[in-house]
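Trainee: sequence and predicted structure are below.
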Amino acid sequence: MKIGLFIPCYINAIYPEVGVASYKLLKSLGLDVDYPLDQTCCGQPMANAGFEHESAGLALRMEELFRPYDYVVGPSASCVAFVKENHPGILEKAGHVCMNSKKIYDICEFLHDIVKVKELKAEFPHKVSIHNSCHGVRELHLSSPSERNIPYYSKLRDLLSLVKGIEIFEPKRIDECCGFGGMFAIEEPDVSVCMGQDKVKDHMSTGAEYITGADSSCLMHMEGVIKRGNLPIKTIHIVEILASGL
Amino acid sequence: MSTKHSKAAARFIENRKQEAWHDETLWMVRAKRDKMSHSLPEWERLRELACEIKLYSNSHLDVLLEEFEKNATANGAIVHWAKDAAEHNAIVEEILQQHKAHTLIKSKSMLTEECGMNDYLFGKGYDIIESDLGERILQWMKLHPSHIVMPAIHIKRQEVGEMMERVLGTEKGNSDPTYLTHAVRKNMREKFLTADVAMTGANFAVASTGEIVVCTNEGNADMGTSFPNVHIATFGMEKIVPDRESLGVFTRLLARSGTGQPITSYTSHYCKPKEGGEFHIIIVDNGRSDILARPDHIRTLNCIRCGECMNTCPVYRRSGGYSYTYFIPGPIGINLGMLKDPVKYSDNVSACSLCLSCSNVCPVKIDLGEQIYRWRQDLDKIGKASTEKKVMSGGMKFLMERPKLFNTALKFAPVVNKMPRFMIYNALNAWGKGRELPAFAKQSFNEMWKSNKIK
């Protein structure tokens, strides 16, 4: 099975260490991973802002880049969800049948459901609070949405439970939005900041040292709030914990 | 790129204490709803059923509404059809005229709000008395509902107490809810006894029986309809359900979703006029049949007005009902406003982070968040897209479609990290409001890969 590593634009630019951890983690599990060069963006920022047609070219480009692979795996639930849920419709208008949507996975989903990892070498002797991101929860089903009456599950918790020394918490409002939402953050800055501050506070009330999750975009937003307020909590992408010691 | 919503939201959040109280109060309703929905193992099945019944009913309006009319008429009711708000208000006025009525006692109805009926009738010299406690408070304060189920949720009891000192002469400084409710009760008793005509909305209309169903917690609809000889009930035509079996699906969902109660205190079925009286029923279209022609938005007609999408919406809770420009706020209001007049109400489309909590909480499975996403795609076509957003989106497209340029940009990007704070966090930078910008990495992932640093 050939895996193409999907590194979204902002991870490429701001959090390359998340990409590195993803690669090392998949590699350490004996998987055949490659990074198709010169990736940019999936087009979600434009589409969520109301310019879906501007993401058609990017969706097509992703189709070409990942054609040789059996799986597309990326460390960003929201971007993966966009490819999975929205690329088919966008590409249909361009007369193209989307292939990526059928083979793309968030890395946690991939490890949990496809690779079915049962053990990890990782060790992380810290308290972490899981950030259940909106698109991870409600589009990719990484955990049970709090609105639904279905038994609790969390693929992130299952994976983190394989890490030695870790203590796992979740905020009181278990999957409330952090207020990022792409251009929402700048079009509705007051509400967005308010949501971000409330969310960080909720994570802090668990006593955790780190907020962790499958979406660097939410983590980036909360990191911005934390740094501005000099708050005593840090953010870390879940793959960095799962790949610790590699 | 601010919208009317974002500006109004900023004003709401200025009073952070009040905002936090509003957020927490509505979150408590959401938590109560969660407890209730989790107490029913068949909850998700009920939602599915409710959605299917609504999709069926709304695609069989021709049959069901006529069946309703036939049965209601057989019961002795007089059925009227109103194609829009003007016709609706004229029908009500005509009934009032026929009975030489002056005072109308009314239970809560978002439809009369939609039709602007109160203002219309006040203008003609009639007196309309709202009998729902929250609505009565708003009427005294000359305000409109900020929430469709809890219309005065944004007002604190101290403010209500102060208002009642002026209006009802209650004790100075006394804002005890029981005391104030008793004062209103005393005032309302006389209104109930002397009103000429009663009016209610309807939560449901049952085709097979020709009855309408009104759900309240205060019993004010029952009290209001008990004394006058004339009862006018009005409902939007999507309120039709085929029969009592299907009605049962909705009564199980409505209060559990809306207020976290197993059922409303009163679920009243109105079938026929009281002896010697008249029972008028108005069936209102007012744009609903146009929605039927919009497959992308047809599910908004599923709405049973439980208001839970507002309670769960992180934006609504932090911006309040008045920050929206349509009379129904929150996720359902954003969508209904766009269906009513997209040019006029496009400012509400920004009030969504696309978290999709509303779509998952909705008891009739309206794809609320997904529809907001679709409305955003339409803004440019109707000339309502934000110019700044358009430029940013276009700029991103240009850059992202040119990997070489993108990679070069990333090489130089770390320079931004070193820019002086006043250049980064200025008034033009909305991100800088309460958040630090992330720092660009010294070397991008792509560069690291190319230079064989990742193995």
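Mentor: It's in. As the structure is a prediction and not an experimental result, all values here were calculated from the model.
Trainee: and the helix or strand where B:Arg33 lies, what does it pack against?
Mentor: Assessed by DSSP states H and E, B:Arg33 sits inside helix B:16-38. On a contact count with 3 or more C-beta pairs under 8 Å, 6 or more residues apart in numbering or on different chains; DSSP states H and E, helix B:16-38 meets helix A:189-204, helix B:4-14, helix B:244-258, helix B:308-312, helix B:314-319. For every residue, glycine as well, the C-beta is placed using N, CA and C.
Trainee: give the rounded mean pLDDT of the shortest one.
Mentor: Per-region confidence: helix B:308-312 scores 98 on mean pLDDT.
Trainee: what do you get for the first one?
Mentor: Helix A:189-204 shows an average pLDDT of 98 in the prediction.
Trainee: now do the buried residues in it.
Mentor: Residues A:189-200, A:202-204 are the ones in helix A:189-204 that count as buried (16 or more other C-beta atoms under 10 Å in any protein chain shown).
Trainee: check the second one too.
Mentor: By neighbour count, and taking 16+ other C-beta under 10 Å as the criterion, the buried residues in helix B:4-14 are B:Lys4, B:His5, B:Ser6, B:Ala8, B:Ala9, B:Ala10, B:Phe12, B:Ile13.
Trainee: ok and that helix relative to helix A:189-204, angle-wise?
Mentor: If you take axes from the mean of the first three to the mean of the last three C-alpha atoms, to 10 degrees, helix B:4-14 sits at 50 degrees to helix A:189-204.
Trainee: circling back: possible to save the buried residues of helix B:4-14 as JSON lines with distance to chain A and pLDDT?
Mentor: Output for those, formatted as JSON lines (distance: C-beta to the nearest C-beta, whole Å; pLDDT from 0 to 100):
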{"residue": "B:Lys4", "distance to chain A": "11", "pLDDT": "97"}
{"residue": "B:His5", "distance to chain A": "7", "pLDDT": "98"}
{"residue": "B:Ser6", "distance to chain A": "5", "pLDDT": "97"}
{"residue": "B:Ala8", "distance to chain A": "10", "pLDDT": "98"}
{"residue": "B:Ala9", "distance to chain A": "5", "pLDDT": "98"}
{"residue": "B:Ala10", "distance to chain A": "4", "pLDDT": "97"}
{"residue": "B:Phe12", "distance to chain A": "8", "pLDDT": "97"}
{"residue": "B:Ile13", "distance to chain A": "5", "pLDDT": "97"}
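Trainee: can I assume A:Tyr23 sits in a helix?
Mentor: Yes: checked against DSSP: H, G, I helix; E, B strand; the rest coil, A:Tyr23 lies within a helix.
Trainee: ok so, going back, for B:Ala77, which of the helices and strands packed on helix B:16-38 is the nearest?
Mentor: B:Ala77 lies closest to helix B:244-258 among the helices and strands packed on helix B:16-38, at 17.2 Å (C-beta to C-beta).
Trainee: ok, and for that closest one, which residues are buried?
Mentor: By neighbour count on 16+ other C-beta under 10 Å, the buried set for helix B:244-258 is B:Ser246, B:Leu247, B:Val249, B:Phe250, B:Thr251, B:Arg252, B:Leu253, B:Leu254, B:Ala255, B:Arg256, B:Ser257, B:Gly258.
Trainee: and if you look at stretch A:222-235?
Mentor: A:Met222, A:Glu223, A:Gly224, A:Val225, A:Ile226, A:Arg228, A:Gly229, A:Ile233, A:Lys234, A:Thr235.
Trainee: identify the residues contacting it?
Mentor: Under the criterion C-beta atoms under 8 Å, 6 or more residues apart in numbering or on different chains, residues A:131, A:178, A:193, A:196-197, A:199-200, A:203-204, A:208-212, A:219-220, B:431, B:434-438 lie in contact with stretch A:222-235.
Trainee: show me where pLDDT drops low in the chain?
Mentor: Using chain A. Chain A contains no residues with pLDDT under 70.
Trainee: my question was about chain B
Mentor: Residues of chain B meeting the criterion pLDDT under 70: B:427-428.
Trainee: any idea whether the closest residue to chain A within the stretch 51-200 of chain B is helix, strand or coil?
Mentor: Distances between the stretch 51-200 of chain B and chain A by C-beta to the nearest C-beta are smallest at B:Cys51, namely 14.0 Å. Put simply, B:Cys51 is helix when judged by three-state DSSP.
Trainee: without its sequence neighbours, what residue ends up closest to it?
Mentor: Nearest residue to B:Cys51, sequence neighbours excluded (C-beta to C-beta, 6 or more residues apart in numbering or on different chains): B:Lys365, at 3.9 Å.
Trainee: which stretches in chain A count as strands?
Mentor: For chain A, strands defined by DSSP state E occupy the ranges A:2-5, A:32-34, A:71-74, A:104-106, A:127-131, A:167-169, A:210-213, A:234-237.
Trainee: so which of the ones you listed is the most packed in?
Mentor: strand A:104-106 (a mean of 27; mean count of other C-beta atoms under 10 Å in any protein chain shown).
Trainee: name the strands paired with that one and say parallel or antiparallel.
Mentor: strand A:71-74 (parallel) (DSSP bridges).
Trainee: what's near enough to touch the residue nearest to A:Val193 when sequence neighbours are not counted?
Mentor: Distance criterion C-beta to C-beta, 6+ apart; nearest residue to A:Val193, sequence neighbours excluded, is B:Gly434 at 3.5 Å. Going by C-beta under 8 Å, 6+ apart, B:Gly434 touches A:Pro189, A:Val193, A:Gly196, A:Gln197, A:Gly224, A:Val225, A:Arg228.
Trainee: turn these into a markdown table, columns for distance to B:Val214.
Mentor: Shown next, in a markdown table, are the contacts of B:Gly434 (distance: C-beta to C-beta, whole Å):
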| residue | distance to B:Val214 |
| --- | --- |
| A:Pro189 | 42 |
| A:Val193 | 42 |
| A:Gly196 | 42 |
| A:Gln197 | 42 |
| A:Gly224 | 49 |
| A:Val225 | 46 |
| A:Arg228 | 50 |
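Trainee: contacts for stretch B:392-401?
Mentor: A:9, A:40-41, A:43, A:45-46, A:49-51, A:54-55, A:57-58, A:61, A:183, B:405-406, B:409.
Trainee: mark which of these are buried, thanks.
Mentor: The neighbour-count test (16+ other C-beta under 10 Å) marks A:9, A:40-41, A:43, A:45-46, A:49-51, A:54-55, A:58, A:61, A:183, B:406 as buried among the contacts of stretch B:392-401.
Trainee: just the closest of these to B:Lys191, please.
Mentor: Proximity of the buried ones among the contacts of stretch B:392-401 to B:Lys191 (C-beta to C-beta) peaks at A:Gly50, which lies at 48.6 Å.
Trainee: if anything else comes up later, I'll come back, but that's it for now.
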